[in-house]
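Undergrad: Curious how this folds, go ahead:
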Amino acid sequence: MKLSKAYCLNLEKRPEKKRRMTLRFELLGIKPEFIKAVDGLKIPAKKGFSPGQLGVVQSWIDFLESQKNTTEEFIFFCEDDIVFAIDFKKRFEKFYNQLPEDWDMIYLGWYPNTNGKTIPVTKNVFRLNYQQGCFCFIFKTKLIPEILEGMKKKNQVADNVFGWLIQSKYKCYGFKPFLCYVQEGISDTWHRHMTYPTIKYYFKHDYSD
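TA: The predicted model follows:
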């Protein structure tokens, strides 16, 4: 499986993140297509959502609506604050070859949830259930209608739609050690400085085992 294109969510007011991600994708030989993110501070508030969470959900809805008639088999999606492993391409190929052929989603990193499950399939592949973090993953486009329904009708943040609805029903896997992590800095979802020590704990820049 070759990753030649990625969709990357980016706010217009964050051009520095767009430039940074463009360079990171170029190093991997991947062409980025940037998705114009919705600024949650500029749309009506909704009970149960922070402005950032609401912006993410609406961004996903807009993006998935635009992809309903795509002919692509899968979509590689990233947020705009991702750092990739030095050996990303080599390791992705190695881990992908361990993956069951009937996969529906592949997480290249996630927020470990102790209330969920990570079931070993091979040394580097794990079946995920109730794990969170939709910052860098690949999903089959056949899932678009159900993801859209979850975003629109279930009144859930994006992490919950993927972690609860999709993972409980479809064959979702994750690679470990993680192939990426979320860069420390100001989060446009939470509007404060964020660090991600748990994600970095499971990440390795160069994996030779």
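Undergrad: buried residues in the longest helix seen in the chain?
TA: In the chain, ranked by residue count with DSSP state H as the criterion, the top helix is helix 51-66. Neighbour counts over helix 51-66 (16 or more other C-beta atoms under 10 Å) mark 51-61, 63-64 as buried. All C-beta spots, glycine's among them, are computed from the backbone N, C-alpha and C.
Undergrad: Now do that helix: distance to the chain's middle.
TA: Computed by C-alpha atoms, centre = their mean, to the nearest Å, the separation of helix 51-66 from the middle of its chain amounts to 13 Å.
Undergrad: Relative to whatever helix or strand comes next after that helix, what are the paired strands and their orientations?
TA: Next helix or strand after helix 51-66 toward the C-terminus (DSSP states H and E): strand 74-79. Sheet pairing here is set by DSSP bridges, and for strand 74-79 it gives strand 5-10 (parallel), strand 136-140 (antiparallel).
Undergrad: could those strands go into JSON lines alongside mean pLDDT?
TA: JSON lines is the format used below for the strands paired with strand 74-79 (pLDDT from 0 to 100):
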{"stretch": "strand 5-10", "mean pLDDT": "98"}
{"stretch": "strand 136-140", "mean pLDDT": "98"}
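Undergrad: Throw those into JSON lines and include mean neighbour count, thanks.
TA: Shown next, in JSON lines, are these (neighbours: other C-beta atoms under 10 Å):
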{"stretch": "strand 5-10", "mean neighbour count": "20"}
{"stretch": "strand 136-140", "mean neighbour count": "22"}
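Undergrad: can I get these in JSON lines with distance to residue 19?
TA: Shown next, in JSON lines, are the strands paired with strand 74-79 (distance: least, C-beta to C-beta, whole Å):
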{"stretch": "strand 5-10", "distance to residue 19": "10"}
{"stretch": "strand 136-140", "distance to residue 19": "18"}
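Undergrad: Many thanks, we can stop here.
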